[in-house]
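With the sequence up front, the predicted model follows.
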Amino acid sequence: MKIYSTRKLYAAGILPKPPSTEDVVQLSERLRALRLGFAADHLTELITQSVKAAWSSARFLDELIRLELERQEERRIKQALRISHIPSGPTISNFDFAYQPSVSRNQIETLSTCQWIRDCQCVLLQGPPGVGKTHLAIALATRALENGFSVSYYNVDEWMHQLKRDGEVHPMQLKHRKYMASNLLVLDEFGYQSMSREEANLFFRVVSYRYQKGSTIITTNKGIGSWPGVLAGDEVLAGAILDRLLHSATVLNIQGRSYRLKDLESSLANQSQAADKSSGIAIGESRASC
């Protein structure tokens, strides 16, 4: 505890040994001194609820602690999402498994346990654009954060700019970069642009360092056989990268219709229905006027 904070607590009579009190305001201040701000904010509400429900002392204490833990966890996840740059919205629960039958719900639910992250394994999501690769990557990354793992999320093209800036960084300093140190690294949209020799080598450096130290999710529209063409045409380098990534990895080959086309088709259908309805109303009004 900082000296300034300690002085404030002494001045408020909270330290060194405060007298017993039943005053709610003083109790709230003591909770805040323990950095239990959420419990302090809801203390009056919980006391009222405990009196009405005739809670025991143990039940009241449990409810107070549980509320504080839940709110702290919500705040931790919110801050972690902001730091990791994971886009908000996509979750496992709102993924349309019925529309994308090539994706096994059981397999995704197994991945959501995060055991593969504990084992420093990787996940490769490959398939054509729009089939839900990014959705699943974000959903699994969010679940990892909820389970207490550190996550770094990047679009591959943007990530390459950072790798180039770090190209001359000493290895001892490089290992502290987020994309090296995070439990889970998410690389979205690999393969949309071919890499130069420098970029491919930098990519290998990261993969090689993280091998069996951390987990990686990669989404790509390229099949494994097309990776050498993306990695500066170097088959040896591509083989070395794939060898490390695919060792004990889960590969999901997603095939199906694009969600974007689904939304477009739905929008066009709604427009068509609205037009038909408008046309029907116009015809009815015309007949009425006759």
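That came through fine.

Give me the domain ranges for this protein.
Split into domains by automatic domain parsing, the chain comes to 21-82, 105-257.

Lowest average confidence across those domains, which one?
Mean pLDDT per stretch puts domain 21-82 lowest among those, at a mean of 91.

and residue 22, which of the three is it?
Following DSSP: H, G, I helix; E, B strand; the rest coil, residue 22 is assigned to coil.

how deep is it tucked in, by neighbour count?
Per other Cβ atoms under 10 Å, the neighbour tally for residue 22 reads 7. For the C-beta atoms, the positions are set from N, CA and C on the backbone; glycine is no exception.

next one: residue 175
Neighbour tally, residue 175, other Cβ under 10 Å: 13.

from now on call the first residue 20
Happy to do that; since the first residue is 20 now, the last one works out to residue 194.

closest to residue 111 out of the domains of the chain?
domain 124-276 (4.6 Å; Cβ to Cβ).

Quick one: end-to-end distance for that closest one.
17 Å (Cα to Cα, to the nearest Å).

mind checking how far the spatially closest residue to residue 121 that is not a sequence neighbour is from residue 208?
In space, and not counting its chain neighbours, residue 121 is closest to residue 274: 4.8 Å by Cβ to Cβ, 6 or more residues apart in numbering. Distance of residue 274 to residue 208, computed by Cβ to Cβ, to the nearest Å: 18 Å.

Among those two, which residue is more densely surrounded?
Legend: neighbour count by other Cβ under 10 Å for residue 274 and residue 208, higher for residue 208 (20 against 12).

Strands of the protein, residue ranges please.
Using DSSP state E, the strands of the chain run over 141-145, 170-174, 203-209, 234-239, 269-272.

mind checking which of these is nearest residue 75?
strand 170-174 (40.4 Å).

partners of the closest one, with directions?
Within its sheet, strand 170-174 is paired with strand 203-209 (parallel), according to DSSP bridges.

returning to that earlier point: and the strands of the chain as a markdown table, adding distance to residue 35?
Listed next are the strands of the chain as a markdown table, based on distance: least, Cβ to Cβ, whole Å:
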| stretch | distance to residue 35 |
| --- | --- |
| strand 141-145 | 53 |
| strand 170-174 | 42 |
| strand 203-209 | 45 |
| strand 234-239 | 48 |
| strand 269-272 | 56 |
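
Quick one, grab the pLDDT at residue 308.
pLDDT, residue 308: 56.

List the contacts of the most centrally placed residue in the chain.
Nearest residue to the geometric centre of the chain (Cα atoms, centre = their mean): residue 161, 2.5 Å. Residue 161 makes contacts with 100, 105, 109-110, as judged by Cβ atoms under 8 Å, 6 or more residues apart in numbering.
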